[in-house]
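Engineer: structure for the following, please:
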Amino acid sequence: MGGVGAAVDRRTLLIGGGAGVGLIIAFAAWPRRAQVPLSAGKGEQVFGPYLRIADDGRVTVAVPQAETGQGAWTGLAQIAADELGADWERVAVEPAPLSPIYANRLITDAIGTTTRLTAQSTSMRAFEAPLREAAAMARELLCAAAAARWGVDRASCEALGGMVSNGSQRIGFGEVAGEAAALDPPSKASLRPAGTGPLAGRSLARLDLPAKSDGSLRFAGDVRFADIRFASVRIAPPGGTVAGFDRAAAERTGRVRLIEGSGWLAAVGETTWAASRALDAAAPRFTGPADADTPAIEAALSEALNGPMTMVALRGNYAAAAEGRRPLGATYWIAPAPHLSLDPPAVTVRPAGDRLDLWAGTQAPDLARAIAAAAAGIAVEQVTLYPMPVGDSGGRAIDPEAIAIAVAVALQVGAPLSLTFPAATAQNQDACRPPLAARISALPDPAGGIAAWHARFAGATGLGAAVARMTGEPIPEFIPNGGVPLYAAAALRVEAATAALPIRTGYLRGDVEAMTAFANESFIDELARARGAEPLAFRIGLLGGQPRLARVLTTAARIGEWDGGGRGSSLGLAACSAFGSHIALLAEAGIGPDQRIRVTRLVAAVDAGRLINPGLVRQQIEGGLLHALTTATGPPPEIIAGLVRARPLGALGLATLRDLPRIEVALVNGTGRSGGVSGLGACVLAAAVANALFAATGLRLRRLPFDPMSPG
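Structural biologist: The predicted structure follows:
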């Protein structure tokens, strides 16, 4: 097994739990085999699959979801701590071990694969209920143990602040944890009324923030062993092969070893720099598809948009309503969107006899583990994967493309190996959010509504394609989530077709909902203006029985001082319902003398149901808006041979800190279940900016990313 460096001592990754705990990167308490969901360390007791309570009173929450910067570790721990009655200062989190019990069933039901997966703003929605149930059961056991010790009725005991109390009697969780864990759990535990605990609705500080701020948080590329080697890699285009390289030139750069695989060439050295330098000298050449480029992508979209379609939604008789009339129509084009991640794919592998240890930042750890097992030619039970934090919030870490290569290289080297993709390789191999083409037509009703609405969407799945690459299953057909408009139409027809794209596609924050919302919310603005109607009033009049949407629209308009959106106004609106939440956005934008788009203000109103941590919601709305702004105003990727052409981030003309708009987020106090928010801002940004630009300039931009010199 190789020697262990100072940064790793084989205990679990633990964050939070009081000032004395801090951050530990370690792995000893992890089950060596994944059959047991959760194991106890010294002085700890396990309470179901999600909780451990230590003798010193520390509560550790096993979190199934990856921490990508969205605050899942904090929000999910807050849910459990509040239901349990824990002292927040004594709460810690760690990634849950690999087990089917932690599958994200809210999302895997849709993709047909039972697995852990962090995507589509599902973390709180998928795990709030099981975490509350687990915490309630643990609370019942703690109270029962304390009651037995005191000789009182269990019903007279309460758990709060890390203590069980009965009148003047108080005892810490840790003091009765051993007795509680030995009790038979009740058949059912009573939940506290939702949102009534002392931690509910509080903007508690993020558990991961201190470690991220001081640099002590460890990522997959930070794991070290005494005998570790470092690798770099160059990869062929999809379906391509290694055509040749200069081995002698690489070996002249120093003590390096070249390893050729199926479609890739890796170099192994004493540092990542040395490995990358050797690959530069080797100058590998690859074969690849010659016609997988931007024109081919647009041709595939056009063919699908004009070809046969599958019915998605049908109401009324569109053909009868449109007969003899000329509807208003528009076509929208959305280019592939790269992740532009600052966190390149990285993985550390350690061969250990007939087993394999793996450290990876991944949003799909079960599938990543299976890929590692297949690459090593061993059973999945022989692989221990430690899910590490993820440094990219856009969704890039769903695709674990570095894992199979790292395993293959580590097995040939016979020593622990750290592989980090070079920046250029990371950009080249990025599976972009798929492109989309949408053609929408509508007929106004003389009474002021919409008589008929017809939308045709051509695109491809992103998340489904990423999962299919990992499972080997066929890529599912494209479904235009969010394609049905929010607004009432007497006759409705929504259709979709899957485009045969010549590129790999992947998941990006906001997913399909962000693209269909751009088309629908841009078109509803066009329809309102064609009728001479004020866009806000036009929307409100068509919402029907959707008071939550109406409320966020009027709230954003009021705070943003909506002026009607007439010519010269520079204000635009957009709204969306997605991920169980509702959002409206008012944008203020214009085009500067340099022909660059300037977005100066964004006002968002959000109804995300019952709020667990309002601070996290605000952070995610702000982050989602800025992420979407970069996607909407940055340059489109240049696709060559099925790969994104790598360019330095500084050369892309992306917005800098001084260019960012002022952002205001109003949280409308909602009721009912908590909704998702991570991708919510991405759903409204582009349409609100496009509508504002039309008001300010008269230019209707129907292509994403925006190009003022080439309006739609």
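
Engineer: run a quick neighbour tally on the closest residue to residue 228 other than its chain neighbours.
Structural biologist: Excluding the flanking residues, the one nearest residue 228 by Cβ to Cβ, 6 or more residues apart in numbering is residue 416, at 4.4 Å. Where you see a C-beta, it was placed from the backbone N, CA and C, and this is true even at glycine. Applying other Cβ atoms under 10 Å, we find 25 residues neighbouring residue 416.

Engineer: likewise for residue 345?
Structural biologist: Count around residue 345 with other Cβ under 10 Å applied: 28.

Engineer: that one reaches residue 426, doesn't it?
Structural biologist: Yes: counting by Cβ atoms under 8 Å, residue 345 does reach residue 426; the two are 6.1 Å apart.

Engineer: report the longest helix in this protein, please.
Structural biologist: When the chain is scanned for its longest helix (criterion: DSSP state H), the result is helix 123-150.

Engineer: how about that one: buried residues?
Structural biologist: For helix 123-150, burial by neighbour count (16 or more other Cβ atoms under 10 Å) applies to 123-128, 130-147.

Engineer: quick one: name whatever helix or strand follows it.
Structural biologist: Once the chain leaves helix 123-150, the next helix or strand it forms, by DSSP states H and E, is strand 158-160.

Engineer: and that next one, which strands flank it?
Structural biologist: As defined by DSSP bridges, the strand partners of strand 158-160 come to strand 163-166 (antiparallel).

Engineer: what are the pairing partners of the next helix or strand after the partner strand, and which direction each?
Structural biologist: As assigned by DSSP H and E, the chain's next helix or strand after strand 163-166 is strand 169-172. In the sheet, strand 169-172 lines up against strand 163-166 (antiparallel) (DSSP bridges).

Engineer: how about residues contacting the partner strand?
Structural biologist: 87, 142-143, 145-147, 150, 152, 156-159, 170-173, 176 (Cβ atoms under 8 Å, 6 or more residues apart in numbering).

Engineer: residue 413 versus residue 661, what's the distance?
Structural biologist: 49 Å (Cβ to Cβ, to the nearest Å).

Engineer: equivalent analysis for residue 427, please.
Structural biologist: In terms of Cβ to Cβ, residue 427 sits 26 Å off from residue 413.

Engineer: okay, now the domains of this protein?
Structural biologist: 15-214, 224-288+345-420, 308-337+431-704 (automatic domain parsing).

Engineer: which stretch among the ones you listed comes nearest residue 297?
Structural biologist: domain 308-337+431-704 (5.8 Å; Cβ to Cβ).

Engineer: what is the end-to-end distance of that closest one?
Structural biologist: One end of domain 308-337+431-704 sits 25 Å from the other (Cα to Cα, to the nearest Å).

Engineer: stretch 106-118 too?
Structural biologist: End-to-end distance for stretch 106-118: 11 Å, by Cα to Cα.

Engineer: next one: stretch 150-159
Structural biologist: 15 Å.

Engineer: I'd like the numbering to begin with 24 instead of 1 from here.
Structural biologist: Noted, 24 is the first residue going forward, which turns the last one into stretch 173-182.

Engineer: show me where the stretch 224-373 of the chain has its helices.
Structural biologist: Ranges of helices in the stretch 224-373 of the chain, per DSSP state H, counting those that start in this stretch, are 232-237, 270-274, 295-305, 317-328, 341-345.

Engineer: just the stretch 424-573 of the chain next, same as before
Structural biologist: Secondary structure of the stretch 424-573 of the chain (DSSP H, counting those that start in this stretch): helices at 424-436, 446-451, 486-494, 534-553, 558-565, 570-582.

Engineer: out of those, the one nearest residue 662 is which?
Structural biologist: Set against residue 662 and scored by Cβ to Cβ, those come closest in helix 446-451, at 10.5 Å.

Engineer: helices and strands around the closest one, which ones?
Structural biologist: If you count contacts as 3 or more Cβ pairs under 8 Å, 6 or more residues apart in numbering; DSSP states H and E, helix 446-451 packs onto strand 252-258, strand 666-667.

Engineer: the helix or strand that the last one is followed by - contacts with which helices or strands?
Structural biologist: Elements were assigned by DSSP H and E; along the chain past strand 666-667, the next helix or strand is strand 685-690. Judged by 3+ Cβ pairs under 8 Å, 6+ apart, the packing partners of strand 685-690 are helix 570-582, strand 620-630, helix 637-656.

Engineer: do you know which of those lies nearest residue 535?
Structural biologist: helix 637-656 (13.9 Å).

Engineer: next one: the closest one to chain centre, how far?
Structural biologist: Computed by Cα atoms, centre = their mean, to the nearest Å, the chain-centroid distance of helix 637-656 equals 12 Å.

Engineer: ok, now which ones touch residue 343?
Structural biologist: Counting by Cβ under 8 Å, 6+ apart, residue 343 has contacts residue 514.

Engineer: which of the domains of the chain has the lowest mean pLDDT?
Structural biologist: Here the domains of the chain differ in mean pLDDT, and the lowest is domain 38-237 at a mean of 87.

Engineer: could you find the closest non-adjacent residue to residue 317?
Structural biologist: residue 662 (5.0 Å).

Engineer: what about that neighbour, how many residues nearby?
Structural biologist: For residue 662, using other Cβ under 10 Å, the count is 22.

Engineer: where's residue 537 relative to residue 701, distance?
Structural biologist: 11 Å.

Engineer: could you do residue 248 as well?
Structural biologist: 34 Å.

Engineer: still on that earlier bit, pick the most buried one from the helices of the stretch 424-573 of the chain.
Structural biologist: Neighbour counts (mean count of other Cβ atoms under 10 Å) averaged over each of those peak at helix 534-553, with a mean of 26.

Engineer: relative orientation of that helix and helix 486-494 in degrees?
Structural biologist: If you take axes from the mean of the first three to the mean of the last three Cα atoms, to 10 degrees, helix 534-553 sits at 170 degrees to helix 486-494.

Engineer: tabulate the CA atom coordinates of helix 534-553 in PDB.
Structural biologist: The C-alpha trace of helix 534-553 is given here as PDB (Å, rounded to 0.1, in the frame of the first residue of the first chain):
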ATOM      1  CA  ASP A 534     -30.500  22.300 -18.000                       C
ATOM      2  CA  VAL A 535     -33.300  22.200 -20.700                       C
ATOM      3  CA  GLU A 536     -35.600  24.500 -18.600                       C
ATOM      4  CA  ALA A 537     -33.200  27.400 -19.100                       C
ATOM      5  CA  MET A 538     -33.400  27.100 -22.900                       C
ATOM      6  CA  THR A 539     -37.100  26.600 -23.300                       C
ATOM      7  CA  ALA A 540     -37.700  29.500 -20.900                       C
ATOM      8  CA  PHE A 541     -35.600  31.700 -23.100                       C
ATOM      9  CA  ALA A 542     -37.700  30.900 -26.200                       C
ATOM     10  CA  ASN A 543     -41.100  31.100 -24.400                       C
ATOM     11  CA  GLU A 544     -40.400  34.200 -22.300                       C
ATOM     12  CA  SER A 545     -38.900  36.100 -25.300                       C
ATOM     13  CA  PHE A 546     -41.900  35.100 -27.500                       C
ATOM     14  CA  ILE A 547     -44.500  36.100 -24.900                       C
ATOM     15  CA  ASP A 548     -42.800  39.600 -24.800                       C
ATOM     16  CA  GLU A 549     -42.900  39.700 -28.600                       C
ATOM     17  CA  LEU A 550     -46.600  38.800 -28.600                       C
ATOM     18  CA  ALA A 551     -47.500  41.400 -26.100                       C
ATOM     19  CA  ARG A 552     -45.700  44.100 -28.000                       C
ATOM     20  CA  ALA A 553     -47.300  43.000 -31.300                       C
END
